[in-house]
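In: The sequence isn't on hand, but the structure is:
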């Protein structure tokens, strides 16, 4: 696979940062809506707003982050299978992407439909998942910053004369 030029890598990195930070921001807004709903804010406002947020911002950003992360791994020297921290980030992002579409989006849409009829247990469905995912997104940010653990396998050494 071809590598990007330095300006191309910077553009891809910038796009990855913008979408990743957008995903974290949308996640924190979702958490804020969940806390507001638990504390007694109007469920006819909070939960439909959360449904719109998940449908039009959170889910699309999760797909963009995954795609741009994959492109970054494949088109830059980092690679997908060279460094442990890259592989861990990709695995976490892939798992989160699946959970967004299989669990979070349908649950939040259901909460929007139930509105005022929500039990406290149901209201926690808009607090616990965003708390976990925000934590995972922050962990991935730390991994990107500190790049721990080294390579998955040692680089091939040049043939000795």
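Out: Great, that's in hand. The model shown is predicted, which means the values in this text are computed figures rather than measured ones.
In: Now tell me what touches the lowest-mean-pLDDT helix or strand in the chain from outside.
Out: None of the helices or strands of the chain scores lower by mean pLDDT, DSSP states H and E than helix 120-123, at a mean of 84. For helix 120-123, the external contacting residues (CB atoms under 8 Å, 6 or more residues apart in numbering) are 34, 37-38, 111, 114. Backbone N, C-alpha and C define where each C-beta goes, glycine included.
In: Can I have the buried ones of those as a ChimeraX selection?
Out: To isolate the buried ones among these in ChimeraX, judged by 16 or more other CB atoms under 10 Å, type:
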select :34,37,111
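In: Put together CSV for the contacts of helix 120-123, with distance to residue 53, secondary structure and pLDDT on each row.
Out: Converted to CSV, the contacts of helix 120-123 look like this (distance: CB to CB, whole Å; DSSP: H, G, I helix; E, B strand; the rest coil; pLDDT from 0 to 100):
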residue, distance to residue 53, secondary structure, pLDDT
34, 11, helix, 94
37, 13, helix, 92
38, 16, helix, 90
111, 12, helix, 86
114, 17, helix, 80
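In: Export the contacts of helix 120-123 to JSON lines and append columns for distance to residue 11.
Out: JSON lines is the format used below for those (distance: CB to CB, whole Å):
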{"residue": "34", "distance to residue 11": "35"}
{"residue": "37", "distance to residue 11": "39"}
{"residue": "38", "distance to residue 11": "41"}
{"residue": "111", "distance to residue 11": "38"}
{"residue": "114", "distance to residue 11": "43"}
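In: Nearest to residue 137 among the contacts of helix 120-123?
Out: Of all the contacts of helix 120-123, residue 137 sits closest to residue 34, with 16.0 Å by CB to CB.
In: roughly how far apart are the closest one and residue 80?
Out: As judged by CB to CB, to the nearest Å, residue 34 and residue 80 stand 34 Å apart.
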